[in-house]
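Novice: Using only what follows, build the 3D model:
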Amino acid sequence: MTARQAAGADATARYVPGADVIPEAARRAEDAVVIPEAAGRRAEDAGGTSALAARIAGMISTACDGRLTSEEILASGTSLSALGVTSLALLRLIDAVEDEFDVTLDLGGGAPYLDSFPLLVGYVAARTS
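Specialist: Alright, predicted model coming up:
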């Protein structure tokens with residue numbers, strides 16, 4: 001193996017998705033995706049959804065002025081925006097979740113946990129357990 005091949009292999013081994021962004025922002029984005037996925041799996045109980053998921057679904061319903069029911073949110077596999085959650089409803093939801101669970105929902109870095117119900121539940125679960 002040549003030095004160039006070794007350097008290329010080493011660079012590939014250390015490649016981190018999002019490396020073109022500021023390292024701190026990349027770490028926060030990674031935490032927002034990786035941590036909630038694991039926490040979301042832990043948050044599910046034998047019946048399928050946790051009490052936390054039900055509480056957050058109710059908060060989403062309230063933020064949407066009842067246009068969505070908790071049951072629709074819990075049963076849906078689509079994103080919150082696909083369900084019809086508006087930007088105003090999302091801001092209401094952020095305020096409610098931050099007040100209720102004493103967590104910070106940062107809008108920076110794309111905040112993928114704000115568009116996916118399971119990721120939002122996982123994000124909150126990871127920061128409240």
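Novice: give the contact list for residue 105.
Specialist: Taking Cβ atoms under 8 Å, 6 or more residues apart in numbering as the criterion, residue 105 is in contact with 94, 97, 98, 111, 113, 114, 123. (Glycine included, C-beta is placed from N, CA and C.)
Novice: Name the residues that touch stretch 51-60?
Specialist: Contacts of stretch 51-60 (Cβ under 8 Å, 6+ apart): 43-44, 68, 70-71, 73-74, 80, 85, 89, 93, 96-97, 100, 117, 120-121, 124-125, 128.
Novice: could the contacts of residue 105 go into CSV alongside neighbour count, pLDDT and distance to residue 58?
Specialist: As requested, the contacts of residue 105 are exported to CSV (neighbours: other Cβ atoms under 10 Å; pLDDT from 0 to 100; distance: Cβ to Cβ, whole Å):
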residue, neighbour count, pLDDT, distance to residue 58
94, 18, 94, 15
97, 22, 96, 11
98, 13, 95, 16
111, 18, 82, 21
113, 24, 85, 18
114, 21, 87, 17
123, 28, 91, 17
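Novice: Among the residues you listed, which are located in helices?
Specialist: 94, 97, 98, 123 (DSSP state H).
Novice: Quick check: the third one vs residue 84, distance?
Specialist: When Cβ to Cβ, to the nearest Å is the yardstick, residue 98 and residue 84 sit 22 Å from each other.
Novice: where do the helices sit along this structure?
Specialist: 3-13, 23-43, 51-63, 70-75, 80-83, 87-101, 117-128.
Novice: elements contacting the fourth one?
Specialist: Read that as helix 70-75. If you count contacts as 3 or more Cβ pairs under 8 Å, 6 or more residues apart in numbering; DSSP states H and E, helix 70-75 packs onto helix 51-63.
Novice: Now do the same for the helix it packs on: mean pLDDT, whole number.
Specialist: Averaging pLDDT along helix 51-63 yields 95.
Novice: Using CSV, write out the CA atom coordinates for that helix.
Specialist: Output of helix 51-63 as CSV, limited to C-alpha atoms (Å, rounded to 0.1, in the frame of the first residue of the first chain):
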residue,chain,number,x,y,z
ALA,A,51,-47.1,7.8,28.6
LEU,A,52,-44.5,10.4,27.5
ALA,A,53,-45.5,9.9,23.9
ALA,A,54,-49.2,10.3,24.8
ARG,A,55,-48.4,13.5,26.7
ILE,A,56,-46.5,15.0,23.8
ALA,A,57,-49.2,13.9,21.3
GLY,A,58,-51.7,15.8,23.5
MET,A,59,-49.5,18.8,23.5
ILE,A,60,-49.2,18.7,19.7
SER,A,61,-53.0,18.4,19.4
THR,A,62,-53.4,21.5,21.7
ALA,A,63,-50.8,23.4,19.8
